[in-house]
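> quick one: sequence plus predicted model below, questions after.
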Protein chains: 2
Amino acid sequence: LQSTGDRNFDVALPSADRFYVDNVVMRVHLLFDVEPGVVQVFRDSLPDGFVVTLGEAPSDTEILVSGRPTPELLASLVDLKVVIIPFAGLIPASRESLLTRPELKVYNLHHNAAATAEKAIELLMAVAKLTVVNDRSMRSGLWSPRFDTSDALQLDGRSVLVLGYGEIGKRVAKVCSALGMKVSAVKRRTGQLVDSEVKVFEQSAFSRLISESEVLMVCAPLTPETEGLVNRAALESMPKEGIVVNIGRGPIIEEEALYDCLRSGHLHGAGLDVWWQYPNSNSDTAPSKFPFQELYNVVMSPHNGGTVVGTESSRMAALSELVRGIHNSDSGLRPINVELGY
Amino acid sequence: LQSTGDRNFDVALPSADRFYVDNVVMRVHLLFDVEPGVVQVFRDSLPDGFVVTLGEAPSDTEILVSGRPTPELLASLVDLKVVIIPFAGLIPASRESLLTRPELKVYNLHHNAAATAEKAIELLMAVAKLTVVNDRSMRSGLWSPRFDTSDALQLDGRSVLVLGYGEIGKRVAKVCSALGMKVSAVKRRTGQLVDSEVKVFEQSAFSRLISESEVLMVCAPLTPETEGLVNRAALESMPKEGIVVNIGRGPIIEEEALYDCLRSGHLHGAGLDVWWQYPNSNSDTAPSKFPFQELYNVVMSPHNGGTVVGTESSRMAALSELVRGIHNSDSGLRPINVELGY
């Protein structure tokens, strides 16, 4: 069982279930951190004839569920038709692997779009209102923020640019609109250009839009086109008192430029759930080359936006729905464009 | 100049402006903390003939702007017709004072409804997502919340009860609805019972509604009827993992019961901007008889929800609009019912 984090589950399904099923309909192999109890619920949610395996992937696997398939594994699975990435986004190494088998259909799971969008709103509010500073003060018995001239910003009436208008970005835009903000959004694929109260633009409009936006919510996947998109010029063009929130991927924002703009006070603050450096497990790897932890106007979050009570259950429910949809050739399913990275 | 906080401004308007104006239309006296520069903007926003005074109230004052008028002051102002409280809510002592002159029309200012509603959403998100705990961990170089089983709650799909459905409560309900929550609201004055996606009930339904609500947002004013309304029975009847947010007034919630429910873990957490005890100035008065500051599942805020960058300007703009509305006998104005307390 390959681990994607520091958790390992010793899962042993009965061998009869694994290899001897009459009338096999579809063979699904789970190659990611998954709790045994949840796997059973997943199996029970599928019709008869679906074979679900864990551990080493059988060579006749048809659907592989893995966030990090290696080229070697993909080459060894001769019957493979579908890869399901059990989260949103495509890790660059996985993109490279998947490009070696361009005939495969690749899907994401969006089970945690709501939780991740809520993380974006959480960070927006915490940055605008200085939640952490207020709480720390009150815990020390100091009411001073009540009497100081407040640095808190009102969001009602401010302009916000939502970068990335997928499952998460749409939810973020909806809440920003309910907060009374003026919402614009940027998406790569064109299509519907106005979505109720949200103005949706193509990526080419980004540099103009960012210079007019008091708040930037980064909800995009990391792709060759988004990497470094929020660069120094973009950040410096934002109006004073700007707020930046990132729940997409760290490298979409230029690390040193963001640090500088926060330190100088050009930006009011930033809320970051995603980073430029990650630990392999619960070690003390710094999230950045720059000391963001020294800045009072940053709210730091350990890339847990998608993780809430019940995440594993909702992940498996979404996986079950997708697998059944694939089996039924559901026309509403939209595979990832691996070339584009989402 | 009476101070309402620890700030005092030495304001001296030209005496000619104060007392010698031809064709006086209306005499407005400001008896609250107000910055001189902002007063000038306020005066300039009114038509000719409006006299605006500061300091000791002239006996011919017609409109008094004060959050804490004493009975003695009210008795001395023989021409007084209107009292404007320059914020939302009615302090109990002011209610007693105003009941001595029942013929006066009394108005609140709701200029900070947006900021206060945003404070409620801020606290809701911070409690649900453990913002402060995550930030503290990351600042110490620890990614552990990424790898621990998360205690964060998803709000999408949860039920929320908004207690108090005025200017603030309506805004809170709208954002909760955009977050995918199932929204009910309680208001005292009956009227429209369904407001788009929000089900609105009378106060008599409170004890049933609270027992079905995973989140309680207290947005009500303190009145004889709301004081202690959120008592032990109400809190204990909430489903497990409940969240309580209070941006109304502290004594609406039973202090010890809330502390107990947080400490026992019956509640997931609470976000509190309003308290049971206040300092007179920036002293170290504890906000409660109980050590809320020892609880990790509380987010503490120093009653600064209504205070954001630009508050004073928007307060004076709202005051100007109200004064002109009073002068024009605008039929849309709704005075407070002093007896009821709002």
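In hand now; what should we look at?
> any stretches of the stretch 51-200 of chain A with poor pLDDT?
The stretch 51-200 of chain A contains residues with pLDDT under 70 at A:149-150, A:190-195.
> how about the helices in it?
In the stretch 51-200 of chain A, the helices defined using DSSP state H, counting those that start in this stretch lie at A:71-76, A:92-99, A:113-129, A:131-139, A:144-147, A:167-178.
> how about the first one: buried residues?
For helix A:71-76, burial by neighbour count (16 or more other C-beta atoms under 10 Å in any protein chain shown) applies to A:Leu73, A:Leu74. Backbone N, C-alpha and C define where each C-beta goes, glycine included.
> which residues does the residue lying closest to A:Glu256 once chain neighbours are set aside contact?
Using C-beta to C-beta, 6 or more residues apart in numbering or on different chains and skipping residues adjacent in sequence, the residue nearest A:Glu256 is A:Phe290, 6.4 Å away. Neighbour list for A:Phe290: A:Glu255, A:Glu256, A:Tyr259 [criterion: C-beta atoms under 8 Å, 6 or more residues apart in numbering or on different chains].
> out of those, which are buried?
Buried members of the contacts of A:Phe290, scored by 16+ other C-beta under 10 Å, are A:Glu255, A:Tyr259.
> looking at the contacts of A:Phe290, spot the one nearest B:Ala185.
When those are compared for distance to B:Ala185 (C-beta to C-beta), A:Tyr259 wins out at 43.1 Å.
> look at the residue nearest to A:Glu256 and give its secondary structure.
Here A:Phe290 is coil, with the state taken from DSSP: H, G, I helix; E, B strand; the rest coil.
> give me the angle between the helix or strand hosting A:Val323 and helix A:113-129.
In this assignment (DSSP states H and E), A:Val323 forms part of helix A:311-327. Here the directions of helix A:311-327 and helix A:113-129 differ by 140 degrees (axes from the mean of the first three to the mean of the last three C-alpha atoms, to 10 degrees).
> contact partners of helix A:311-327?
Here helix A:311-327 makes contact (C-beta under 8 Å, 6+ apart) with A:25-26, A:28, A:34-35, A:38-39, A:41-42, A:45-47, A:50, A:63, A:65, A:82, A:84, A:86-87, A:105, A:107, A:109-112, A:115, A:332-333, B:150.
> coming back round to it: and the helices of the stretch 51-200 of chain A: which comes nearest A:Val244?
Closest of those to A:Val244 is helix A:113-129, at 8.3 Å (criterion: C-beta to C-beta).
> A:Trp275 touches A:Thr285, doesn't it?
No. Between A:Trp275 and A:Thr285 there is no contact under C-beta atoms under 8 Å: 9.3 Å.
> more neighbours: which of the two?
Between A:Trp275 and A:Thr285, A:Trp275 has the larger neighbour count (other C-beta atoms under 10 Å in any protein chain shown), namely 23 against 13.
> count residues in the vicinity of A:His111, would you?
The tally of other residues near A:His111 (other C-beta under 10 Å) stands at 24.
> on that earlier part again, buried residues in the helix holding A:Val323?
Within helix A:311-327, the residues scored as buried using 16+ other C-beta under 10 Å are A:311-312, A:314-320, A:322-323, A:326-327.
> for stretch A:235-249, same thing?
For stretch A:235-249, burial by neighbour count (16+ other C-beta under 10 Å) applies to A:Leu235, A:Glu236, A:Met238, A:Glu241, A:Gly242, A:Ile243, A:Val244, A:Val245, A:Asn246, A:Ile247, A:Gly248, A:Arg249.
> number of nearby residues for the closest residue to the fifth one other than its chain neighbours?
Beyond its immediate neighbours in the sequence, the residue positioned closest to A:Gly242 (C-beta to C-beta, 6+ apart) is A:Leu267, lying 4.9 Å away. Neighbouring residues of A:Leu267 were enumerated by other C-beta under 10 Å; the total is 25.
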